[in-house]
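[1] Sequence first, then the predicted structure, then my questions.
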Amino acid sequence: MSALDRAAAMNGRNKGGIMLGSFISSRHYAELLARGRQAGPRMLELDPAQLARHYNRQPFVFAHALAGNEYFALPRLFDLCRRMDSRKIRYRIGEIPDDAHFDSSFDRYKAGLSLEDAIDRFEEERAYVVIYNPELDPEYRVVIEGVLAEIAADTASLDPEMTWYSTYIFISTRDAVTPYHMDREMNFLCQIRGTKRVQLWNPADEEVMTDAQKDLLLAHVGERPTFRDALENKASTFDLGPGMGVHHPFIAPHRVYTGRDLSVSLAVTYRTRRSDVCTAAHVFNAKLRRLGWRPLPVGRSRALDRCKAAGLRLFRRGRGLIRGRGDGRA
């Protein structure tokens, strides 16, 4: 496994250590491109001019045709919860503050109830359920990879070669909150039922996240940066209804509020060869910071970022050889 693949694998594990998502081989990517370029009805409406202007730089709204799709009806989603690996389902109960710590919120707000309790009394208990990697289910894989294929085809000229993807279905009762946090990939979020208010922050803004914070975030050192009151007025706000979606750029911080009705949404997150290089460069910078250096921020020079990614690969290869000798394998 390459250094870039190891960085991706590290970034693709949840708190319990279970692997999230799947790597995309070159062959799989080619199949996605071919599928996404086929003529016929489409699930996403992504405007080429808008993509060229804003993709992976600024959030933007798009339209989709998933609202009303039978796969996202509540009974079918609850059946999916029951047959999925229990480690792939996370849930919360009741209201939580909008400044709650995201990573610990699923453990702190269960009210002593089981997943079956949450499903059986979903609205009564004000539950919030996340299905991790529904694409692993054969029934759901067809429709979800169809969405991924369209994203791959529409972004191929801007950001070629997807390397990994992971999807999530969010089911929430009224007035639920997803606390402020940032993910380590790009995202196309599709609102399928109900309404949501999505707030996104610009990760390039030093007041939102410093270069050091981004390095540590992608190196998985410490906690994710948390919300501060000073950030409130810096958010871009998007009100989504069924059939609408919003694109999240790489590592863009966000916070989400569900409206007055039950909500269902699908997040399609993924990484590309370019974002893998960016991630590896951030990890390399984090190592330099531990030595007391102040490295040039990632993104200032694409050539230097590639050198840093290569440096990380050499570092890990050398460390592996040293460990191999210590184990008597070399």
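    Noted; the coordinates are in hand.
[2] What ranges does the stretch 51-200 of the chain have for its strands?
    Assigned by DSSP state E, counting those that start in this stretch, the stretch 51-200 of the chain shows strands spanning 61-64, 89-93, 127-132, 162-172, 177-181, 186-193, 196-200.
[3] Return the list of helices and strands in contact with the third one.
    When you say that, I think you mean strand 127-132. On a contact count with 3 or more CB pairs under 8 Å, 6 or more residues apart in numbering; DSSP states H and E, strand 127-132 meets helix 74-83, strand 89-93, helix 115-120, strand 162-172. Any C-beta I mention is one placed from the backbone N, CA and C, and that applies to glycine too.
[4] hang on, the earlier thing: now the strands of the stretch 51-200 of the chain in TSV, with mean pLDDT, mean neighbour count and distance to Gln38?
    As requested, those are exported to TSV (pLDDT from 0 to 100; neighbours: other CB atoms under 10 Å; distance: least, CB to CB, whole Å):
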stretch	mean pLDDT	mean neighbour count	distance to Gln38
strand 61-64	99	17	17
strand 89-93	93	21	33
strand 127-132	96	22	27
strand 162-172	98	24	17
strand 177-181	94	20	34
strand 186-193	99	24	19
strand 196-200	99	21	30
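[5] related to what we said a few turns ago, to Ala63, which of the helices and strands packed on strand 127-132 lies closest?
    Ranking the helices and strands packed on strand 127-132 by their distance to Ala63 (criterion: CB to CB) puts strand 162-172 first, at 18.9 Å.
[6] returning to that earlier point: among the strands of the stretch 51-200 of the chain, which is nearest Ala30?
    Shortest distance between Ala30 and the strands of the stretch 51-200 of the chain, using CB to CB, is found for strand 162-172: 10.6 Å.
[7] Hmm, Phe227 is touching Val177, no?
    No - applying CB atoms under 8 Å, one finds Phe227 not in contact with Val177, separated by 11.4 Å.
[8] intersection of neighbour lists for the two?
    With contacts taken as CB atoms under 8 Å, 6 or more residues apart in numbering, Phe227 and Val177 have Arg255 as neighbours in common.
[9] follow-up on the earlier one: how about the helices and strands packed on strand 127-132, which one is nearest Gly243?
    Shortest distance between Gly243 and these, using CB to CB, is found for strand 162-172: 16.2 Å.
[10] for the stretch 201-330 of the chain, what spans make up the helices?
    Using DSSP state H, counting those that start in this stretch, the helices found in the stretch 201-330 of the chain span residues 211-218, 273-290, 302-326.
[11] pLDDT score for Ser2?
    At Ser2, the pLDDT value in this model is 51.
[12] Contacts only, for the residue nearest in space to the middle of the chain.
    To find the centre residue of the chain, average its C-alpha atoms and take the closest one (CA atoms, centre = their mean): that gives Thr269, at 4.4 Å. When contacts are counted by CB under 8 Å, 6+ apart, Thr269 is found next to 21, 165-168, 183, 185-187.
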